[in-house]
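Participant: fold the following, please.
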Amino acid sequence: MTTPTLAELETLFHTRRATIGIIGLGYVGLPLALVAAEAGFSVIGFDINSRRVDAINAGEQVIRYIPATRMEAALAGGRFKAATDFSGLGDCDAIIICVPTPLTRQREPDLSFVADTTRTIAITLRQGQLVVLESTTWPGTTVELVKPILEATGLVSGRDFFLAFSPEREDPGNPSYSTATIPKVVGGDGPEAGTLAQLLYGQFISAVVPVSSTQAAEAVKLTENIFRSVNIALVNELKTVYAAMGVDIWEVIEAASSKPFGFMPFYPGPGLGGHCIPIDPFYLTWKAREFDIETRFIELAGQINTRMPYLVVDQLAEALDRYFGHGLAGAHILVLGVAYKKNVDDVRESPALKLMELIDERGGLCEFHDPQVAALPPTRRHPRLSGKQSIPLDASTLAGFDAVLVATDHDGVDYALVAAQAKLVVDTRNVFARLGLSPQRLVKA
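Facilitator: Numbers count the residues shown, from 1 in each chain. Next up, the predicted model:
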């Protein structure tokens with residue numbers, strides 16, 4: 001195929017005649033692929049999971065909040081297809097990397113997925129391609145890790161190909177903001193790359209926010225999630241202090257929210273979940289050590305948040321002892337909700353999994369009900385929970401449990417039934433007070 005010049009690549013993006021390759025068809029890559037296809041681009045989604053690729057090409061609903069009709073429309077129009085054959089990357093004018101960036105067991109960055117993906121891109125890298133990394137990582141990753149791998153081919157960034165970073169900002173299940181309406185931050189390795197990335201995303205994202213470099217764009221994402229992590233840790237700590245004083249943190253936050261300036265509400269919970277907040281701050285703390293800087297504030301927030309499941313299980317055990325004269329050993333506990341947030345089917349880093357594990361370690365017998373999650377997928381951190389299935393929620397089921405622990409407050413749950421039938425409710429989400437329900441025995445945890 002003919003190698004496009006910089007001007008020709010700009011024209012391909014502007015006229016939407018470019019082919020976009022998106023690597024990783026998960027909660028970030030698949031919505032992005034559909035939005036680009038719906039804007040008129042030809043999109044190839046690449047993934048190593050052949051079962052997922054087959055399901056996508058069959059138009060199946062692989063992510064619960066993405067309607068099958070959207071998948072079917074993109075496939076039928078010929079604008080989108082999924083593939084496991086990465087040789088097709090050579091036919092793409094733009095390649096967007098949307099692969100996981102987890103932590104190791106030692107809570108250090110694991111960039112193996114990014115590195116392996118970049119090596120795969122390098123096999124077919126050609127002149128006139130734009131490569132964009134979207135995976136969350138520490139400032140400097142794009143130019144310190146991705147760029148050298150690609151330039152080992154003999155091609156040069158900014159001259160032969162173009163390199164940029166644009167942090168993903170997906171909020172799964174959010175009815176107010178979607179992939180197309182959340183502003184997109186972009187930073188390039190050089191001005192031409194930045195301009196190309198802005199032009200590309202500007203064709204299918206409502207607003208594009210340029211920054212001066214890939215490092216700045218990488219830092220934007222970390223700052224957003226560290227901000228949330230620190231503030232959630234603050235209200236988690238305040239909850240513990242106020243509870244000891246007999247003060248309801250939920251009432252305090254609601255009243256404080258009436259102030260029209262200088263306050264932003266954050267809410268306590270049983271711990272942090274999802275693919276961002278529990279992980280991203282540690283990417284910066286790790287990188288900061290290279291500069292002999294301690295990130296004590298960030299690390300303290302992480303310690304508070306990761307401690308929350310232990311405190312909740314302690315409260316559960318104390319409530320069982322207070323009301324029934326026994327602790328967790330031999331107690332039957334129903335965990336209500338295992339997704340990391342309400343109304344989604346994503347269990348990544350969900351604190352509910354840690355809660356179940358802790359209950360099991362203390363001799364409790366634990367089951368779960370979740371209208372979004374039929375069975376728990378395999379996880380590296382909680383292998384014993386793999387395959388565990390959601391049980392029905394009815395009066396006879398509730399009668400068999402000593403306590404119901406609310407970990408995730410999905411909308412599609414009959415809380416009135418739980419309030420009427422549960423022997424004890426431990427509520428980490430304030431859902432019963434919010435709905436005006438009064439279980440026989442209620443503990444706000």
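Participant: make it CA atoms for all contacts and neighbour counts henceforth
Facilitator: Fine.
Participant: show residues contacting the helix or strand hosting G187.
Facilitator: Per DSSP states H and E, G187 falls inside strand 184-188. Strand 184-188 is contacted from outside by 162-169, 193-195, 197-198, 201, 205, 207-217, using Cα atoms under 8 Å, 6 or more residues apart in numbering.
Participant: in helices only, show me those.
Facilitator: 193-195, 197-198, 201, 214-217 (DSSP state H).
Participant: who are the contact partners of the residue nearest in space to the middle of the chain?
Facilitator: Central residue of the chain (Cα atoms, centre = their mean): H275, 3.2 Å from the mean position. Neighbour list for H275: 102, 348-349 [criterion: Cα under 8 Å, 6+ apart].
Participant: can you put these in JSON lines and add distance to E367?
Facilitator: Below are these laid out as JSON lines (distance: Cα to Cα, whole Å):
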{"residue": "P102", "distance to E367": "27"}
{"residue": "R348", "distance to E367": "18"}
{"residue": "E349", "distance to E367": "18"}
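Participant: which residue ranges of the stretch 201-350 of the chain form strands?
Facilitator: With DSSP state E, counting those that start in this stretch as the criterion, the stretch 201-350 of the chain has strands at 208-210, 332-336.
Participant: go through those and name the closest to V28.
Facilitator: Across those, V28 has its closest neighbour in strand 208-210 (17.3 Å, Cα to Cα).
Participant: circling back: now tabulate the ones in helices among the contacts of strand 184-188 in JSON lines and tack on distance to W250, neighbour count and pLDDT.
Facilitator: JSON lines is the format used below for the ones in helices among the contacts of strand 184-188 (distance: Cα to Cα, whole Å; neighbours: other Cα atoms under 10 Å; pLDDT from 0 to 100):
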{"residue": "A193", "distance to W250": "47", "neighbour count": "28", "pLDDT": "97"}
{"residue": "G194", "distance to W250": "44", "neighbour count": "25", "pLDDT": "97"}
{"residue": "T195", "distance to W250": "46", "neighbour count": "16", "pLDDT": "96"}
{"residue": "A197", "distance to W250": "43", "neighbour count": "28", "pLDDT": "98"}
{"residue": "Q198", "distance to W250": "42", "neighbour count": "24", "pLDDT": "97"}
{"residue": "Y201", "distance to W250": "40", "neighbour count": "20", "pLDDT": "98"}
{"residue": "T214", "distance to W250": "40", "neighbour count": "29", "pLDDT": "98"}
{"residue": "Q215", "distance to W250": "38", "neighbour count": "21", "pLDDT": "98"}
{"residue": "A216", "distance to W250": "36", "neighbour count": "19", "pLDDT": "98"}
{"residue": "A217", "distance to W250": "35", "neighbour count": "26", "pLDDT": "98"}
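Participant: okay, now A152: neighbour count?
Facilitator: Using other Cα atoms under 10 Å, A152 has 11 other residues around it.
Participant: and it, how far from G88?
Facilitator: For A152, the distance to G88 equals 20 Å [Cα to Cα, to the nearest Å].
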